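S.K.: Build me a structure from this.
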Amino acid sequence: MSRDESTTPKVRFIDVDETGEGQRIDNFLLRHLKGVPRTRVYKLLRRGEVRVNKGRAKPSQRLHLGDRVRIPPVRMASMEGVEAPGRGVMEKIERSVIYEDDLLLVLNKPSGVAVHGGSGLSYGVIEALRASRPEQKGLELVHRLDRDTSGCLMVAKRRSALRELQELQRKGGIQKRYWALLAGSWRRGSETVEAPLRKNILSGGERVVRVDPQGKPARTRFKRLRRFVDSTLVQAKLDTGRTHQIRVHAAYLGTPILGDSKYGDPVANQHYRSLGLKRLFLHAKSLEFHWSTGKKFSIDAPLPEELDMLLERLTRR
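M.R.: Numbering: from 1, shown residues only. Model (predicted):
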């Protein structure tokens, strides 16, 4: 029996319109190849199978209005086999929105929720938002947070806002401050870590980041906020935005973030678990930047209740 031609993958050509203008080619493909794993999308790019105006496309390439994108034949996963965000998940994400206007929305992202699907996950924050707001076609992540990190996460509602915010980010124009609880009691008031970071893939496929002279430059500014008996609450300000940067730099200082199962201290983690800490104590506390109009944007995400309660418990010790 011959294969049904309607289900046979074919080359597609898509002309970039206003919704795709300024978007990175990798993100453009992820939107047009629903159900295809991210690893498969990046493999297509590496092999030169994706073309923009007949030229090979790089993952970081940005698209322009009128560009013609060639997408090679790719078998799409059946949508029947893809788990959609449930009503409870969508409501949870909607409740986490702490700011919204015509250009932007900001969430106080819950810990344990990925920002996007992939790596065995059918959906994340952005998929849940798109499912709960089908009328809003332009929702795009401005930046990312680790799955276990809570706090400020920006989602652009218009392509123009996405382009401006990502350009600000590249130029260091967005001030991001995090709160973290570290193992050990700091006597010093502040510490700046400048240590290059390099991604490594272990034999089991797990991704880890190490301080390595051959890595990319990375700088984190730590400032002590409160000292406890055996831990320290700090503010961390990023001068660069490397993967797992705060977590690796905190461990590099000998005071890893509590609740960090990858880079942390297992004994300290176990002790703090008995005190009620069942997650990574890393929270994206605030964001600040100036729009091109000169208007200042500033927002603060309250600590989740479980972290707030832990700090109260530590204060009473």
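S.K.: going forward, measure contacts between C-alpha atoms and count neighbours the same way
M.R.: Noted.
S.K.: what about this structure, any weak spots by pLDDT?
M.R.: Low-confidence segments of the chain, defined by pLDDT under 70: 1-8, 35, 76-84, 118-122, 201, 203-205.
S.K.: gap between Gln214 and Leu197?
M.R.: With distances defined as C-alpha to C-alpha, to the nearest Å, the gap from Gln214 to Leu197 amounts to 8 Å.
S.K.: In terms of packing, which of the two has more residues around it?
M.R.: With other C-alpha atoms under 10 Å as the criterion, Gln214 and Leu197 differ in neighbour count, and Leu197 comes out ahead with 23 against 9.
S.K.: What count of nearby residues applies to Pro72?
M.R.: Quick note: Pro72 (other C-alpha under 10 Å) scores 16 neighbours.
S.K.: OK, contacts around it?
M.R.: Contact criterion C-alpha atoms under 8 Å, 6 or more residues apart in numbering gives 10-12, 49-50 as the residues in contact with Pro72.
S.K.: what do you get for Arg130?
M.R.: Arg130 is in contact with 136-137, 139, counting by C-alpha under 8 Å, 6+ apart.
S.K.: Can you check these and name whichever has the most neighbours?
M.R.: Counting by other C-alpha under 10 Å, top hit in the contacts of Arg130: Leu139 with 22 neighbours.
S.K.: Spatially, what comes nearest to it if we skip its sequence neighbours?
M.R.: Once its chain neighbours are removed from consideration, Leu139 has its nearest residue in Lys157; the separation is 4.7 Å (C-alpha to C-alpha, 6 or more residues apart in numbering).
S.K.: Mind jotting down where the strands sit in the stretch 151-300 of the chain?
M.R.: In chain order, the stretch 151-300 of the chain shows strands spanning 175-183, 190-194, 197-201, 207-211, 219-227, 231-238, 282-290, 296-300, with DSSP state E, counting those that start in this stretch as the criterion.
S.K.: What lies in contact with the second one?
M.R.: Residues outside strand 190-194 that contact it (C-alpha under 8 Å, 6+ apart): 217-224, 249.
S.K.: Between which two of the residues you listed is the distance greatest?
M.R.: Longest distance between any two of those is 23.3 Å, between Pro217 and Arg224; criterion C-alpha to C-alpha.
S.K.: between the contacts of strand 190-194, which is closest to Arg242?
M.R.: Distances from Arg242 to the contacts of strand 190-194, taken as C-alpha to C-alpha, are shortest for Ala218 (6.7 Å).
S.K.: wait, isn't the closest one in contact with Val209?
M.R.: No: contact between Ala218 and Val209 fails when scored by C-alpha atoms under 8 Å: they sit 11.8 Å apart.
S.K.: Quickly list what's touching both of those two.
M.R.: Among the neighbours of Ala218, those also in contact with Val209 (C-alpha under 8 Å, 6+ apart) are Leu197.
S.K.: thinking again about what came up before, between the contacts of strand 190-194, which sits nearest Arg147?
M.R.: Of all the contacts of strand 190-194, the one sitting nearest Arg147 is His249; the distance, using C-alpha to C-alpha, is 18.3 Å.
S.K.: burial of that closest one, as a residue count?
M.R.: Going by other C-alpha under 10 Å, the residues that sit close to His249 add up to 27.
S.K.: picking up where we left off before, what subset of the contacts of Pro72 is buried?
M.R.: Buried subset of the contacts of Pro72 (neighbour count, 16 or more other C-alpha atoms under 10 Å): 49-50.
S.K.: Show me where the chain has its helices.
M.R.: Per DSSP state H, the chain has helices spanning 25-32, 38-46, 87-95, 125-132, 159-170, 245-252, 266-274, 305-316. These are given in chain order.
S.K.: Next, the angle from the second one to helix 25-32.
M.R.: With axes from the mean of the first three to the mean of the last three C-alpha atoms, to 10 degrees as the criterion, the two stretches helix 38-46 and helix 25-32 enclose an angle of 130 degrees.
S.K.: So that it lines up with my notes, have the first residue be 19 from now on.
M.R.: That works, and once the first residue is 19, the last one we named lands at helix 56-64.
S.K.: which residue is nearest the middle of this protein?
M.R.: If you average the C-alpha coordinates of the chain and look for the closest C-alpha using C-alpha atoms, centre = their mean, you land on Arg162, 1.7 Å from that point.
S.K.: Perfect, I'm done here.
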